[in-house]
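1. test case, fold it:
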Amino acid sequence: MLKKKGFTLPEVVITIAIVGILSMVAVPVYRGYVNKSISSEGNALLAEISAAEQIYYARQGCFYATNNTERESRALGVNAQRNKYFSSYTITTSGNNSNPRYTVITKYNNDNSKALTLVGSLSEEPQITDNFSGK
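-> Next comes the predicted model:
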């Protein structure tokens, strides 16, 4: 007697259902990790700009501000062109002589709703607001 090889229809359906359930759980988790890694690129750029701003202030007596969106600032020595997702930034200054402040905004592929914002001053630790990954 010949023995048939293969899977029955119920076995295949159950396997497909299990794979579908696992993918429904895995895909959102994967997207969260991807967003977190993309956000870390922006955070690294902001940390580099923050350090450069402190050095610029020590040398010039004021914070550096951009006229428009920059990809590379020779005054600060910060080059955002090497980044894949956060490749430009804008710096504005505010405050008074006793407490000058700077604000840096870098956008994910120039999307206003997905931006990272850094606010820093001489007297406070720089604070990053992450609108990209929801932190």
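2. please count neighbours and contacts with C-alpha atoms only from this point.
-> Noted.
3. any idea how far Lys4 is from Met62?
-> Actually, residue 62 is Cys rather than Met. From Cys62 across to Lys4, the span is 82 Å (CA to CA, to the nearest Å).
4. and the two? which has more neighbours close in?
-> Legend: neighbour count by other CA atoms under 10 Å for Cys62 and Lys4, higher for Cys62 (16 against 6).
5. for the more buried one, helix, strand, or coil?
-> coil (DSSP: H, G, I helix; E, B strand; the rest coil).
6. gap between it and Gly95?
-> 11 Å.
7. helices along this protein, start to end?
-> For the chain, the helices defined by DSSP state H occupy 9-60.
8. show me where pLDDT drops low in it?
-> Where the chain drops to pLDDT under 70, the residues are 1, 133-135.
9. what angle sits between the longest strand along it and helix 9-60?
-> Longest strand of the chain, by residue count under DSSP state E: strand 111-121. When axes from the mean of the first three to the mean of the last three CA atoms, to 10 degrees is applied, the directions of strand 111-121 and helix 9-60 differ by 40 degrees.
10. list the contacts of strand 111-121.
-> Strand 111-121 is touched from outside by 42-43, 46, 50, 99-108, 126-132, with contacts defined as CA atoms under 8 Å, 6 or more residues apart in numbering.
11. which of those residues count as buried?
-> Buried members of the contacts of strand 111-121, scored by 16 or more other CA atoms under 10 Å, are 42-43, 46, 50, 100-108, 126, 128, 130-132.
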